[in-house]
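Peer 1: coords please:
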Amino acid sequence: MGSGAKRIITAIVGIPLVIGPMYAGGIWFILFIALVVAAGQFELYKIQSKKSWSPASILGIAAGILIVLRSVIDPFQSILIALLITLFLMVILWGGNGDPLSRVGEILSGLVYPALFLSFLPIMRNGMEVIVGARDAFGITLMMFVLIWVCDSAAYYSGRAFGETPLAPTISPKKTWEGSIGGVAGAMAAVVGAKYFLFPILTWTDVVAFGLIAGVIGQLGDLVESAIKRSVNVKDSGNLLPGHGGVLDRFDSLTLATPAYYLYLVTCTTYL
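Peer 2: Numbers count the residues shown, from 1 in each chain. Prediction:
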């Protein structure tokens with residue numbers, strides 16, 4: 001089976017698995033994001049191990065899951081703090097050979113990227129439901145995913161059709177400025193359509209902000225993950241998703257766009 005067919009089949013199966021928990025909201029979306037975070041951290045720690053690093057991956061993943069769950073029950077905050085202290089001492093004192101601070105950095109990288117960044121997704125989805133209702137909370141959260149997907153597709157096809165000027169040749173040689181501009185344009189067109197046909201609640205400031213977050217910061221997230229992979233000469237972060245690579249490969253743009261999306265909602269809107 002060709003890679004194109006694998007991508008389509010994976011998307012057909014995967015999209016409902018994303019939309020279902022998002023629509024349900026509450027604990028279901030929190031658990032789904034916790035699963036995504038755990039898989040993403042596993043891939044990141046595995047990538048790190050290719051440089052003979054020794055991250056305490058099990059404790060790191062457990063702490064990452066608690067970062068997502070911290071919005072559910074207050075005691076998780078205490079457990080998380082205790083686990084982070086244990087993790088810090090374990091890595092510093094019993095982490096094996098090498099620079100202790102480097103080992104701490106390896107673990108913390110997975111707690112920030114993807115754990116902390118993606119943990120804002122359920123906070124955003126569930127928090128908006130209280131203010132704007134379940135329908136709009138689901139819709140505005142889903143819109144972020146859709147804008148990222150549209151941007152990726154528009155960038156890919158624009159790059160194939162018009163791409164000539166390398167965007168970041170040392171990180172991702174196939175990406176071009178023309179493709180990147182096409183991705184931003186695609187995200188902008190999609191959010192304008194969303195305002196007119198689905199969410200009149202959006203202001204024109206929202207339209208511009210959401211389009212730029214998906215189109216610019218989302219593409220930066222893609223480049224960040226590409227830089228991580230290139231540092232150890234791997235093509236994909238994993239092979240969990242046939243035709244797409246790993247979880248980080250699918251959520252790379254979203255990982256960086258999520259905290260920006262959340263920050264905009266908190267500081268510039270009344271939706272959250």
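Peer 1: quick one: least confident helix or strand in this structure?
Peer 2: Within the chain, no helix or strand scores below helix 75-94, which has a mean of 70 by mean pLDDT, DSSP states H and E.
Peer 1: Under the pLDDT cut-off, which ranges of the chain? List them.
Peer 2: 1-6, 51-55, 71, 73-77, 91-99, 243-244 (pLDDT under 70).
Peer 1: just the helices in it please.
Peer 2: Per DSSP state H, the chain carries helices over the ranges 3-24, 26-49, 57-69, 75-94, 100-110, 117-132, 134-162, 177-197, 204-212, 218-230, 247-268.
Peer 1: Pipe these into CSV and attach mean neighbour count per row.
Peer 2: C-beta coordinates here come from the backbone N, C-alpha and C atoms, glycine included. CSV is the format used below for the helices of the chain (neighbours: other Cβ atoms under 10 Å):
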stretch, mean neighbour count
helix 3-24, 13
helix 26-49, 21
helix 57-69, 21
helix 75-94, 14
helix 100-110, 18
helix 117-132, 21
helix 134-162, 20
helix 177-197, 20
helix 204-212, 17
helix 218-230, 21
helix 247-268, 22
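Peer 1: so which of the ones you listed gets nearest T170?
Peer 2: Ranking the helices of the chain by proximity to T170 (Cβ to Cβ) places helix 218-230 first, at 7.9 Å.
Peer 1: contacting residues around stretch 110-124?
Peer 2: For stretch 110-124, contacts defined as Cβ atoms under 8 Å, 6 or more residues apart in numbering pick out 29-30, 33, 36-37, 40-41, 44-45, 55, 57, 60-61, 63-65, 67-68, 70-71, 84, 141, 224, 248, 251, 254-256, 258-259, 261-262, 265, 272.
Peer 1: ends of that stretch, how far apart?
Peer 2: For stretch 110-124, the first-to-last residue distance is 21 Å (Cα to Cα, to the nearest Å).
Peer 1: re earlier: make JSON lines out of the helices of the chain and add distance to N239.
Peer 2: Converted to JSON lines, the helices of the chain look like this (distance: least, Cβ to Cβ, whole Å):
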{"stretch": "helix 3-24", "distance to N239": "11"}
{"stretch": "helix 26-49", "distance to N239": "10"}
{"stretch": "helix 57-69", "distance to N239": "18"}
{"stretch": "helix 75-94", "distance to N239": "28"}
{"stretch": "helix 100-110", "distance to N239": "19"}
{"stretch": "helix 117-132", "distance to N239": "20"}
{"stretch": "helix 134-162", "distance to N239": "19"}
{"stretch": "helix 177-197", "distance to N239": "25"}
{"stretch": "helix 204-212", "distance to N239": "32"}
{"stretch": "helix 218-230", "distance to N239": "13"}
{"stretch": "helix 247-268", "distance to N239": "10"}
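Peer 1: looking at those helices, which is closest to I171?
Peer 2: helix 218-230 (4.9 Å).
Peer 1: residues in contact with that closest one?
Peer 2: Under Cβ under 8 Å, 6+ apart, the answer for helix 218-230 is 44, 47, 113, 147-148, 151-152, 155, 167-168, 170-172, 175, 180, 183-184, 187, 235-237, 248-249, 252-257.
Peer 1: switch to 7 Å and redo it
Peer 2: Residues lying outside helix 218-230 but in contact with it, judged by Cβ atoms under 7 Å, 6 or more residues apart in numbering, are 47, 148, 151, 155, 168, 171-172, 180, 183, 237, 248, 252-253, 255-257.
Peer 1: now the angle between helix 247-268 and it, please.
Peer 2: 140 degrees (axes from the mean of the first three to the mean of the last three Cα atoms, to 10 degrees).
Peer 1: Helix 218-230 to helix 134-162, inter-axis angle?
Peer 2: 70 degrees.
Peer 1: Output helix 218-230 as PDB, nothing but the C-alphas.
Peer 2: Taking Å, rounded to 0.1, in the frame of the first residue of the first chain, the C-alpha atoms of helix 218-230 are listed here in PDB:
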ATOM      1  CA  GLY A 218       1.700  26.700  13.500                       C
ATOM      2  CA  GLN A 219       4.400  26.600  10.700                       C
ATOM      3  CA  LEU A 220       7.100  27.600  13.300                       C
ATOM      4  CA  GLY A 221       5.900  24.600  15.300                       C
ATOM      5  CA  ASP A 222       6.500  22.400  12.300                       C
ATOM      6  CA  LEU A 223      10.000  23.800  11.900                       C
ATOM      7  CA  VAL A 224      10.800  23.300  15.600                       C
ATOM      8  CA  GLU A 225      10.000  19.600  15.300                       C
ATOM      9  CA  SER A 226      11.900  19.300  12.100                       C
ATOM     10  CA  ALA A 227      15.000  20.800  13.800                       C
ATOM     11  CA  ILE A 228      14.600  18.300  16.700                       C
ATOM     12  CA  LYS A 229      14.500  15.400  14.300                       C
ATOM     13  CA  ARG A 230      17.300  16.700  12.100                       C
END
